[in-house]
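Enquirer: missing the sequence, but the structure's below:
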């Protein structure tokens, strides 16, 4: 492939949306209220829409026969490079919201910068996506506040979810080789520069929501190198089932 | 295939053990006590052992290149002919025990008859398996009694599980075409003859366990024709994952 | 009010409906009109909500990204339909929680078709093509029904349903023109969904209750048997076109009547499913009630938060 | 007892151990001996129990029936080992529930290696080959340890572990001789499990506590560094034999010492995982505690049933 770094860089962005979209899609029909059900389905829909744009572009760059679906559904687990955060399960609505919130704040900052990419396709996808992600961020932040400043029970549940998922936040700001090369070419976003703002913004909302900001300084990583938690394998069995069981067919 | 009916007949027996074995295997490491954990793993192990004997025989009858693993892991959902009972999920330990009990009583009666099969391989598998299944039956019956005659909570949970799964018992005694042909050839067991004894035995143990015998006369069916509940698909995604993702390899 | 006054109001009311005027929430209406509408509209709303489950079952396993996006959008539309219909229902003075309660306790019904399992991807095609197809035939006349909020909700619902129906048929076309395995999958789905879809149009006319009154109120404009015939006449050529076979050996074109004759429907199965003994009745209610119960603390938190916010505003205002 | 009497008993006790006599549960023993044994044996038991989880993760997805059966049998053996070891521990006057409580509250440790995720099937091979391999090197000397019940449990455990180790290596052979994808999977697993396996043999001798006392009691017969060297010397040729590469650029045969030299171990990572910050520490405890809590009503029922049965017997006896 002529531009393997760009290809890898796109997957690094898109895999996050793919896996988070899949997690949100699991909830359809099972939400705590009709309104949240619609919102979660909508987030899933937006994310998969973005995923298609990214993978279509990646397929074009690859320049061989591979399609968006091949990229989405026919890689091995070790080839998915999403951050560990997005693959964490829907333990309960608090985990779903905490995961979404911790990702949305990053996602919004990331897309804001990606709009300035020298790569016009990526810049265009970012511009289109940021409107959606701005809504996601509002939705998840509002729920952080509702749960944090709601009842004793909801406060304890959302605090617990934030504490558990906190360990996966640092990885958002790690760089793999392709990231560094793309930053050098003014195509990629230098995520290391987003970190301070990210924690400021997250901490501000948690504080407004009457929640404690976790103090732990121990973080997990591995997703960006394809070493995932044990949750991802099961998600992929479902995601890939049809493409694996019925190879080379049109749908 | 020369003997399609015998092949289908074997699958009709073995698929039950395959799917129930898979369900019991999910629990390994997650049981309510070390002793029950070992017992459930052991049941899974026994069932998969039986499955191998049956599918190896089926592969021989098919007489083409297919292997036991192809039969176990490379069929489509609509081609699995296990009864609906065995695919029901491990909702909690009460469901696990109730499912096992309702199957074990049948399984023991079935193998008792299968020992008399004119087909020496099936008869031999039955003779080997019945010792194991006799232990399964003792284990699940004992737990029915412990839970039924234990605490208020356990009684209510096991009653609820029995009530929910009862609807899947009648299908054990349905016959598909291959069953009828094999009965006619003195190879297969006439399951319709087992029904009265089955309910007598089940009812006796439920009564001894201080439980109510469900009165519902509405039963579900479809598994033997390959029309399953929505649970089976997810079980198959995991069961088949490796064979689908890495086709035609030795392990 | 005297009996005479009521009689008078009723006469005016029926006259308005006859003149095709819309009845609005604040208008006077007979109690029976209100109750019948609550029953029908809520049943419709519940069907949208329960209907999310069989299709939701394939979201994580959709075979391509394009299909996954379309399926998500479709199920989201159904949730949206539920939302309009519940709102329309609330205009008649019943709360959403009361409606949910009726659903969760089994007091209210929903369309029985959703008590069948979705066992292959092709079921997403069959549901769109057949189930939404039958639903549209039931629903299009309701765009002109007498109760304003219901009629307006139905205009929107029908527009989207018709899109879903085309999308479902398109899935079937793709499968029917695909590999032998895909074609088999499509035929199998048609085999399993055909008869339940015919049953969706309701019991035969001689077994149907409420019909006359419903006709007058424009809650119903054709009989069940007429609707069923319309569905069959419309669907059979669509199956022919893509080379799929309707699983009815008695099905044949009748030159004389200008309609298809068709085989006997297994009404025992229909009533069994209606009574709660279908393959998935228990599972559907378990999923629904489970989601509702697991969501209680979330809804409580939202209420508590809104109350606190309101209190703070009031304090600031003082 | 006077201090002198105790001193006397201690001297006799140490002499018995020196003579290679076994200490049995009813024998007198120093409190420290008892405590040290409870700590080590329970840690070993807990490791067997937690060790079921990473391998249990692949039971539903094993690639062939033969491998599935072998994996089930292996994990079942581990549960069995846990059972003997807890029983051996109980002979020292501590109950199983107390031991579980220590595990579930994080007071007791278990082998850190189980805090890494099993991400591919090849990890089943790597765990058997490397993790069980390292465990055997730790455990074989314990077959001659001074405490009778522990020594006897270890005889049985070691026999089975050695079978598991061969089974694991056999999985790796198959993969290494398989398709390029399979070989890559095997190499990747070796890359991920190699260093954690070296860490399993414990901190370097200068950082290790309790060693001298443990040597005397035959709870330990070689130093951690010696055991580690033995493991490396044994494993490197096995990797060579199947064409896999140990992920250590500094690894080379040293003619002079007759051993392999190897690169520096990342002890920061080791201590991080020991302190609970490994990739899976939280997940493992969540799974364990979750199973225990979900199982409470089951255990309660078993106790209640046994009590009722006992009461009935007593009543009949009266």
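Expert: Done, it's in. Computed from a predicted model, the values in this text were never measured in an experiment.

Enquirer: what residues does chain C put near chain B?
Expert: C:54, C:57, C:61, C:117-120, C:181, C:188, C:192, C:272, C:277, C:279-280, C:282-283 (Cβ under 8 Å from any Cβ of the partner chain). Any C-beta I mention is one placed from the backbone N, CA and C, and that applies to glycine too.

Enquirer: do that again at 6 Å, thanks
Expert: Counting by Cβ under 6 Å from any Cβ of the partner chain, the residues of chain C lying close to chain B are C:57, C:117, C:119, C:277, C:279.

Enquirer: from these, which is closest to chain B?
Expert: Of all the residues of chain C next to chain B, the one with the least separation from chain B (Cβ to the nearest Cβ) is residue C:277, at 3.9 Å.

Enquirer: quick check: the closest one touching residue B:218?
Expert: Yes - taking contacts as Cβ atoms under 6 Å, residue C:277 lies within contact range of residue B:218: 3.9 Å.

Enquirer: who has more neighbours, these two?
Expert: Regarding residue C:277 and residue B:218, a neighbour count based on other Cβ atoms under 10 Å in any protein chain shown identifies residue C:277 as having more, with 18 against 13.

Enquirer: ranges for the strands of the chain?
Expert: I'll assume chain A. Secondary structure of chain A by DSSP state E: no strands are present.

Enquirer: wait, I meant chain C there
Expert: C:252-254, C:259-261.

Enquirer: can you find the helix or strand of chain C with the lowest average pLDDT?
Expert: One helix or strand of chain C scores below all others by mean pLDDT, DSSP states H and E: helix C:211-216, with a mean of 80.

Enquirer: could you give the backbone dihedrals for residue A:115?
Expert: The phi and psi values for residue A:115, taken as degrees, to the nearest 10, are phi -60, psi -30.

Enquirer: neighbours around the closest residue to residue C:173 other than its chain neighbours, how many?
Expert: For residue C:173, ignoring the flanking residues on the chain, the nearest one in space by Cβ to Cβ, 6 or more residues apart in numbering or on different chains is residue C:242 at 5.3 Å. Counted with other Cβ under 10 Å, the neighbours of residue C:242 add up to 17.

Enquirer: what's around residue 19, how many residues?
Expert: Using chain A. For residue A:19, the tally of surrounding residues (other Cβ under 10 Å) stands at 27.

Enquirer: other chain: chain C
Expert: 7.

Enquirer: relative to chain D, how far out is the nearest residue to residue C:82 once chain neighbours are set aside?
Expert: Across the structure, with Cβ to Cβ, 6+ apart as the measure, the residue nearest residue C:82 apart from its sequence neighbours is residue C:48 (4.0 Å). For residue C:48, the distance to chain D equals 35 Å [Cβ to the nearest Cβ, to the nearest Å].

Enquirer: got it, and residue C:317?
Expert: 46 Å.

Enquirer: could you pull out the helices for the chain?
Expert: In the absence of a named chain, chain A is used. With DSSP state H applied, chain A shows helices at A:4-26, A:34-62, A:68-73, A:84-87, A:93-114, A:120-148, A:152-166, A:177-184, A:195-208, A:231-245, listed in chain order.

Enquirer: that's the wrong chain, I meant chain C
Expert: In chain C, the helices defined using DSSP H lie at C:3-18, C:31-56, C:65-90, C:96-104, C:122-126, C:132-139, C:148-176, C:180-200, C:211-216, C:224-241, C:267-272, C:281-294, C:296-317.

Enquirer: chain C contacts on the stretch 101-250 of chain A?
Expert: Taking Cβ under 6 Å from any Cβ, the part of the stretch 101-250 of chain A that reaches chain C is made up of A:146-147, A:149-151, A:153-154, A:238, A:241-242, A:249.

Enquirer: can you give me the pLDDT of the closest residue to residue C:53 other than its chain neighbours?
Expert: Counting by Cβ to Cβ, 6+ apart, the nearest residue to residue C:53 once its immediate chain neighbours are dropped is residue A:29, at 5.0 Å. If you check residue A:29, the pLDDT there is 95.

Enquirer: enumerate every residue touching residue A:29.
Expert: Contacts here follow Cβ atoms under 6 Å, 6 or more residues apart in numbering or on different chains; on that basis residue A:29 touches C:52-53, C:56.

Enquirer: ok, residue A:10 touching residue A:54?
Expert: Yes - in terms of Cβ under 6 Å, residue A:10 counts as a neighbour of residue A:54; the distance is 5.3 Å.

Enquirer: between those two, point out the one with more neighbours.
Expert: residue A:10 (29 against 25).

Enquirer: who touches the more buried one in this structure?
Expert: A:54, A:58.

Enquirer: relative to residue A:234, how far out is the residue of chain A most remote from its centre?
Expert: Residue farthest from the centre of chain A, counting by Cα atoms, centre = their mean, is residue A:152 at 29.2 Å. Distance, residue A:152 to residue A:234, using Cβ to Cβ, to the nearest Å: 33 Å.
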